[in-house]
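Undergrad: Structure for the following, please:
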Amino acid sequence: MPFETLTGKLTAVFQRLSGKGHLGEKDVDEALKEVRVALLEADVNFRVARDLVAKVREKTVGSPLLQGLNPAQHVVKVVNEELAAVLSGGEHKLTTSPQTPTVVMLVGLQGSGKTTTAAKLALHLRRAPSRPQPLLVAGDLRRPAAVEQLMTLGKQLDAPVYTEPVTSTAVKVAENGVKRAKELGLPWVILDTGGRLHIDDELMAELEAVKRAVSPHEILLVVDAMTGQDAVQAATEFHQRLGLTGLVLAKLDGDARGGAALSITAVTGVPIKFIGTGEKTDALEPFYPDRMASRILGMGDVLTLVEKAEQAIDTEKAQELEKKLRRAKFDLEDFLEQLRAMKKIGSLNQLFDLLPGIGGLKKRLAEANLDEKKIRRVEAIVLSMTRKERRDPDVLNGSRRRRIAQGSGTTVQEVNQLLNQFREMQKVMKQFAKSKGRNVDLARMLQR
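TA: Numbers count the residues shown, from 1 in each chain. Next up, the predicted model:
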């Protein structure tokens, strides 16, 4: 994630604090100075960094809690609260219009990821309990490839897309798109618009005309999280011209310093509503200030991890797996199912970012070369086996292992390593079966 460097520096500061039994004013001031430098190096707006540190100092220096058993934890708690406050501001959820359809208008600079975000948002809406079907409207006529891209994404998602020839106008496309949604009885319209510079008065005027024509209930600015303080300036200008209701931080999976994410709401007053965590259409997460603050401080985000697991894990399969574990019948087919479920939840780095206290372990795992390629090789090995071999690995003699290695593009040594690791896993599963689930109920755990 883009806060990895910032998280590492803040964690180091707090670890030094935790090594002291008593914290005086000088200790806190030195720590907060390092926090301020870390924020500035992460490209956080200097006023935001200054105000955050001042508020933390006000709530910690002289506090009776600093005389407690673990004063360092009190400092971390206050930093967490103030960081969440910086990220807060306004309504973070999409709201529906009293009149159907609810129109969501996406705006932003060129290359910010609006068209992809439109598809991601359509999938997000469709995953709601009522499973509403949104209409995607291709309003970016200045870039013909954008219309084709949205049509392709719509086809992948099986979502309707409204288009017109590029000789039409942005206002007509928007008006006719909303009219089509009404005819089809669709509750949501997601309007993609052309990318433009916020200093281009003619293009900004076109957006204002579109706004007047369809009265969007939500106007979301899609911001490239890797553009730093330029994103804050762009958000300010767009908000002044259009009256933004929210922000979408795209490309938050990149290696940028990410300071814009910490500054943008505090400077503009516009709430972040979604974050993009990858290129796939399911890589869009609702934004929660408190959860993001916890991630930045290396405290994980268990709630988001659970929500991702609920989406990825089939309840019936989880219950069947529990029965197999109780009978000590866990085989390579079950292993493959769990591997695929984990891949649906996200990449290893994304999973590590959501786990509390994983910072040091994440580094060690990286040094151990536990990467996505290795997981894909494991999957290839298992898929190269027959169903009988997956269900009964004991039949895998030398010739079978050579065939599997050749079929998966790996070596016999890698096949042997996997089988040895699997046998170790089976031993753990047998211990689980002997305990008769007294300490662990896997099905319930996976469903929470």
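
Undergrad: From Ala159, how far off is Glu30?
TA: Glu30 is 54 Å from Ala159, where distance means CB to CB, to the nearest Å. To be clear about C-beta, it is placed using only N, CA and C from the backbone, and glycine gets the same treatment.

Undergrad: Looking at the two, which has the bigger crowd around it?
TA: Ala159 (22 against 14; other CB atoms under 10 Å).

Undergrad: what kind of secondary structure is the more buried one in?
TA: Assigned by DSSP: H, G, I helix; E, B strand; the rest coil, the conformation of Ala159 is coil.

Undergrad: Show the pLDDT at the residue lying closest to it once chain neighbours are set aside.
TA: Distances taken as CB to CB, 6 or more residues apart in numbering put Ala122 closest to Ala159, at 5.0 Å, once the chain neighbours are dropped. On the pLDDT scale, Ala122 is placed at 96.

Undergrad: For Ala122, pull up the helix or strand it's in.
TA: helix 114-126 (DSSP states H and E).

Undergrad: Name the residues that touch that helix?
TA: Helix 114-126 is contacted from outside by 94, 104, 106-108, 132-134, 136, 140, 146, 149-150, 153-154, 156-157, 159, 188, 190, 192-193, 195, 222, 248, 250, 274, 276, 279, 281-284, 286, using CB atoms under 8 Å, 6 or more residues apart in numbering.

Undergrad: How much space separates Pro132 from Trp188?
TA: 6 Å.

Undergrad: So for the two, which sits in the more crowded spot?
TA: Between Pro132 and Trp188, counted using other CB under 10 Å, the more crowded position is Trp188 (25 against 16).

Undergrad: And the pLDDT for the more buried one?
TA: pLDDT, read off for Trp188, is 97.

Undergrad: List the contacts of the nearest residue to it once chain neighbours are set aside.
TA: The shortest distance from Trp188 to any non-neighbouring residue, by CB to CB, 6+ apart, is to Pro134 (3.6 Å). Contacts for Pro134 (CB under 8 Å, 6+ apart) come out as 121-122, 125-126, 159, 186-190.

Undergrad: change it to 10 Å
TA: 101-102, 104, 118, 121-126, 157, 159-160, 181, 186-190 (CB atoms under 10 Å, 6 or more residues apart in numbering).

Undergrad: Tell me where the model's unsure across the chain.
TA: Where the chain drops to pLDDT under 70, the residues are 1-2, 20-21, 62-70, 196-199, 253-258, 261, 299-329, 338, 340-372, 428-448.

Undergrad: Which residue is the nearest non-sequential neighbour of Arg390?
TA: That would be Leu332: by CB to CB, 6+ apart, it lies 4.0 Å from Arg390.

Undergrad: Phi and psi next, for that neighbour.
TA: phi -70, psi -20 (degrees, to the nearest 10).

Undergrad: from the chain's centre, how far out does the helix holding Ala122 sit?
TA: 14 Å (CA atoms, centre = their mean, to the nearest Å).

Undergrad: CA atoms of the following helix or strand past it as PDB?
TA: Sequence-wise, the next helix or strand beyond helix 114-126 is strand 134-139, with elements assigned using DSSP H and E. Once non-C-alpha atoms are left out, strand 134-139 reads as follows in PDB (Å, rounded to 0.1, in the frame of the first residue of the first chain):
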ATOM      1  CA  PRO A 134     -27.100   0.200 -12.600                       C
ATOM      2  CA  LEU A 135     -26.900   1.700 -16.100                       C
ATOM      3  CA  LEU A 136     -23.400   2.700 -17.200                       C
ATOM      4  CA  VAL A 137     -23.500   5.800 -19.400                       C
ATOM      5  CA  ALA A 138     -20.500   6.500 -21.700                       C
ATOM      6  CA  GLY A 139     -20.200  10.300 -21.500                       C
END
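
Undergrad: This completes my enquiry, with thanks.
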